[in-house]
Each structure stands twice: as structure tokens, then as C-alpha cells.
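[1] 3D, please:
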Amino acid sequence: MAAGLTGLRQKVCYFSTSVVRPASQLVKPPIQVYGLEGRYATALYSAASKQKKLEQVEKELSRVSALIKEPKMSAILMNPHVKRALKQKSMSDALAKEKLSPITVNFVNVLAENGRLRQTSDVITAFSKIMSAHRGEVLCTVTTAGSLEAISLTELQTALNGFLAKGETLKLETKTDPSILGGMIVSIGDKYIDMSTKAKIQKLTKIMRETV
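    Numbers count the residues shown, from 1 in each chain. Sure thing, here's the model as predicted:
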């Protein structure tokens, strides 16, 4: 297992430096993204940053994301019984038609060689998070039981802007989850605030049990 992880790290590191000559240290991303997808995304960010092609790669990854979601391609990539070589060839042929930059093609090829094409979407999501931080965007997710009215959304955005530092901009995403019953759950940066009715009921229930 340890040997396998070492090999993976070497291949990811090789990707981040092989597209740049001479090879140098990784360019540190503005935020750290953990997990396997984080390591690949960080390597891609470093390589693209050195070539000053961050925005181009980000745009191209949107096309890659669309490609892997196409029914025919998805059926091949997500099927564990399809051989790695066939997955790699299918993806390579599709990328050739798109005329993407070498750095993006190399990135996808590394995923294919490592048998990680099924994780492509996760890696792209991780890269998007890094790019948002690169632009000074602060990701914020607000979950409510029902849809927010326009006036409530405006007031919420004004309140959330108070969490931002100078030069940062808010990137707000709203979700609905009827199971929280009411109130809202706010996740902004590294902060998590649960003001849902469900959480309040659970807290009240716990207090009542402790007093019995």
C-alpha cells in the first residue's frame, strides 16, 4: 500500500514539473485542497501557473467536464470492467478532436495512466475551488428549507459581505433541503454556522434529556 502511494505521489509530482523546463518546486496554491483530488488539482495549478495559462486551463477543463458526462463516454469511464487502455484511448481520441492545450491533455493523460479517470470530475471541482481562491472569491453555501425571496437574498448577501477581507468577493450558492425544517445553514470559507430549526430542536432535545 505504501509503495502504491509513493508511486502515485511521484507521478503527480512528475506531471507538475515535466511540462516545465527546467523543473522547479511546486507553485503553492492560495488554498489547500485535501485528498487525492486535491493533490492532482494542486499539481495542475502549479504547472498552469508556471506557464501563465491558469485561465485557459480552467476554461478547457469545463469542456473536459462536459465530455466525461456525455452518455457514451461516461458509460466507458465509469464501467470498472472496461480495461484501462480502452478508457485511455477513448479519452485521448475525444481530446484530440477538442484541440486542447498540451498542459490540459497531459493532465488528463496522467489521470488515465494512473487509472483515475473516474475521479476527473472531483479533480476539476478541486481545481475550481483553487481558482476561486486565486481570484479572491470566497465560496459560501447557504442551505434553507425553501427558496429564499429576492429581498431576503439581498439582505443575506449584505450580511455575508461583512465576513470578507479587503479585496475578496463573495461567491454565493444557495441550496434547499426541506429536512432542516426552517432557518438556514451557512458555510463560508472555513466557517460553518448551523441556524436550522432542526439543529435547534436537536439541541433542545439534548438539554431536556440531560435534565431528566
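[2] and residue 85, how far is that from residue 170?
    From residue 85 across to residue 170, the span is 45 Å (Cβ to Cβ, to the nearest Å). The C-beta positions use only the backbone N, C-alpha and C, and glycine is treated the same way.
[3] more crowded one of these two?
    residue 170 (15 against 9; other Cβ atoms under 10 Å).
[4] now do the SS call for that one.
    strand (DSSP: H, G, I helix; E, B strand; the rest coil).
[5] could you do residue 142 as well?
    Relying on three-state DSSP, one would call residue 142 strand.
[6] what are the buried residues along stretch 94-111?
    94-95, 100-101, 103-111 (16 or more other Cβ atoms under 10 Å).
[7] repeat for stretch 63-73
    Quick answer for stretch 63-73 (16+ other Cβ under 10 Å): 64, 67-68, 73.
[8] need the max-distance pair from the buried residues of stretch 94-111.
    Distance extremes for the buried residues of stretch 94-111: the farthest pair is 94 and 103 at 17.0 Å, using Cβ to Cβ.
[9] low-confidence bits of the chain, can you list those?
    For the chain, applying pLDDT under 70 flags the ranges 1-24, 212.
[10] let me see the ranges of the helices in it.
    2-18, 35-50, 54-69, 71-77, 84-98, 102-113, 120-134, 150-160, 197-211 (DSSP state H).
[11] residue 112 reaches residue 85, doesn't it?
    No - the pair residue 112 / residue 85 is not scored as a contact, 9.1 Å apart, by Cβ atoms under 8 Å.
[12] circling back: pick the one among the buried residues of stretch 63-73 closest to residue 157.
    Using Cβ to Cβ, the buried residues of stretch 63-73 come closest to residue 157 at residue 64, 31.5 Å.
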